[in-house]
Each structure stands twice: as C-alpha cells, then as structure tokens.
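J.: here's a sequence, model it:
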Amino acid sequence: MIETLLAGLLAGYVIGVLGGQILPAPTGTSPGETREAHLFMGAVLEDDVDTQVALMFERDPLGRALQVKVNSEGLKDASFRSMTFLGGETVGRLSIQMYALEAQTDDGRQGLVPYVLTLGSGKVVRIV
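T.: This next block holds a predicted model:
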C-alpha cells in the first residue's frame, strides 16, 4: 500500500520535471503586469504611434496626439533595444506600471529610460 503511494509520488515528480524541460517557456506578461501596459510599451519600443493612440484613454484627439508626440520626440535620435518590466500594482480598475527601456543614440551612447504608466479601465491615462 505505502509502496504504491511512494511509487506514484515519484512517478508524478519525474513526469513533472521532464514535462517542464520539454515544454516551451510561457510567453506574455510578467506577474503583476497588465496586458494593456505591455502592449503599449511594446508599441513605444517599436515606435508604433497608432497602437499607442488606440491604447490611450478616450479624451480629445488633440490631447492624445500631443501626448504621443511629446513622448516620441523626446527620444527621436535614439533607438530602443529592450524593454524591462520593473513592477506594478493594480487596485480595482486603476493600475500603475513601471518600465525601463534600453536606448541607444546614433552616436553610440546608451542608457535606460524610465516610464511610469497610469492606467484606468485598461487604457493609458498618463505617461511619466
């Protein structure tokens, strides 16, 4: 009786370990990261203005366009190489998400550019 139980536990453990090695690593967002924030920062990384505007809070079109323009013109001589999710918190429909983008300028300088997104109901309300 106990031998069967131990054999079952061992078999379950071995199958779990082997299955974890064979299956591909999960992709997508990190724990605590919202899908919308990930998509928005991906659009910033790829300089996709249309996606950025689509994921922003519905306010006057001029205000959204100015926000995206200021966001993209500040680093127009830089290219982004990678994005790192630093952390975030969601309470109800409000969320704050923090990122760092690795940027490199045309003259070879590189550094990290911090972004803090405030989201409400799945839309970007503010970018700092």
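
J.: with adjacent residues omitted, what lies nearest to residue 43?
T.: Spatial nearest neighbour of residue 43, excluding adjacent residues (Cβ to Cβ, 6 or more residues apart in numbering): residue 51 at 3.8 Å. Bear in mind the C-beta positions are built from the backbone N, C-alpha and C, glycine included.

J.: could you do residue 124 as well?
T.: In space, not counting the residues next to it along the chain, residue 124 is nearest to residue 56; the distance is 4.8 Å by Cβ to Cβ, 6+ apart.

J.: residue 114 now?
T.: Spatially, and ignoring its direct neighbours in sequence, residue 114 is nearest to residue 100 (5.5 Å; Cβ to Cβ, 6+ apart).

J.: again, but for residue 34
T.: Closest to residue 34 by Cβ to Cβ, 6+ apart is residue 95, at 5.3 Å.

J.: secondary structure element for the one you found, which one?
T.: For residue 95, the element it lies in under DSSP states H and E is strand 94-105.

J.: for that strand, enumerate the helices and strands it packs against.
T.: When contacts are defined as 3 or more Cβ pairs under 8 Å, 6 or more residues apart in numbering; DSSP states H and E, strand 94-105 sits against helix 35-45, strand 78-91, strand 110-120.

J.: OK, contacts around the closest residue in space to residue 117 that isn't next to it in sequence?
T.: When the adjacent residues along the chain are set aside, residue 117 lies closest to residue 97, with 4.7 Å between them (Cβ to Cβ, 6+ apart). With contacts defined as Cβ atoms under 8 Å, 6 or more residues apart in numbering, residue 97 is in contact with 33, 34, 37, 85, 87, 88, 116, 117, 119.
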